[in-house]
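Visitor: predicted model, plus sequence, below.
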Amino acid sequence: MSTERTTMTHPLIDAYLTDLERALADADPRERAETLTTVREHISESVGDAPDGARVAQTLTDLGPVELIAAEATPATPPGARAGTGTPAPAADRDLWVPRVALTAAVLSVPLVVLNFLLAAPIALACLVVAIVYLRRRSPQRGLLQATLVASGLTLLATFALLVTHVLAAPNEAGAASPHAGQTVSAAAPLG
C-alpha cells in the first residue's frame, strides 16, 4: 500500500501519526482506526509518492494540531463514567457531593457550638480535614472547599473560646461553693 510506504519515508509524517495515535488513546477503537486511516490517506494524497520537506510541513500544518483532531473523536467512555455502564464512576461522583456535604456540615456546626460545643468541634474538624484533602487533589469545587475551611475554622475558634471560658470559670464557681484550704467548716446547731 502506498499509504504505508509514504508514512514510513518521512520522519515528520511518522512523528505526526505517532502523536495522533497517542492523542486518540481514549477514543472509541473503531473511530480511532477510521481517523488514523483517513489522516494517512489525506497525507498520502497531499504529499504524493516523493514527499519533500516543504510539502510535508504544509500538509501537516493544514491538518492542524493532533489535539484538535483527537478532540473531535468520540471517547470510548464518557469522562468520569464506568466502562460499559454509562454511570458515573465512584471517584468522579464523590468529587461532586463530598465538598457540598462538608460545607453543609461545617455551616451547621457553627450554630451547634452554642448548643453543644463538644459535638460541634469533631464535626468541624472532620469538615476541615475533608476540605484540605480535596483542595490538595485540585478539586474543581475550590469555592465550596474554601467556604468549608472558613466555616470549620469559625466553629473551631468558637469551640476553643467556649472551652477556655468554661475552664477559667470552673475554679471560681468551685471556690465560692467550697471552703478554702485551711478553713474548717462548722456545723450549724439544729434549731429547735
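Guide: Structure's in. What do you need?

Visitor: sec struct for the residue nearest in space to the middle of the chain, please.
Guide: If you average the C-alpha coordinates of the chain and look for the closest C-alpha using CA atoms, centre = their mean, you land on Ser139, 2.3 Å from that point. The three-state assignment at Ser139 reads coil, by DSSP: H, G, I helix; E, B strand; the rest coil.

Visitor: immediately after whichever strand or helix holds Pro122, which helix or strand?
Guide: Taking DSSP states H and E as the criterion, the element that holds Pro122 is helix 117-136. The element immediately downstream of helix 117-136 (helix or strand, assigned by DSSP H and E) is helix 142-177.

Visitor: so the chain: which segments form each domain?
Guide: With automatic domain parsing as the criterion, the domains of the chain are listed as 2-71, 90-176.

Visitor: got CSV for those, with mean pLDDT too?
Guide: Formatted as CSV, the domains of the chain follow (pLDDT from 0 to 100):
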stretch, mean pLDDT
domain 2-71, 82
domain 90-176, 84
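
Visitor: Ala25 falls within a helix, correct?
Guide: No: checked against three-state DSSP, Ala25 lies outside a helix; its state is coil.

Visitor: now it. Nearest residue, chain neighbours left out?
Guide: Distances taken as CB to CB, 6 or more residues apart in numbering put Arg32 closest to Ala25, at 8.0 Å, once the chain neighbours are dropped. From N, CA and C alone the C-beta is placed, and that goes for glycine too.

Visitor: which residues does the one you found contact?
Guide: Residues near Arg32 by CB atoms under 8 Å, 6 or more residues apart in numbering: Glu21, Leu24, Ala25, Ala73.
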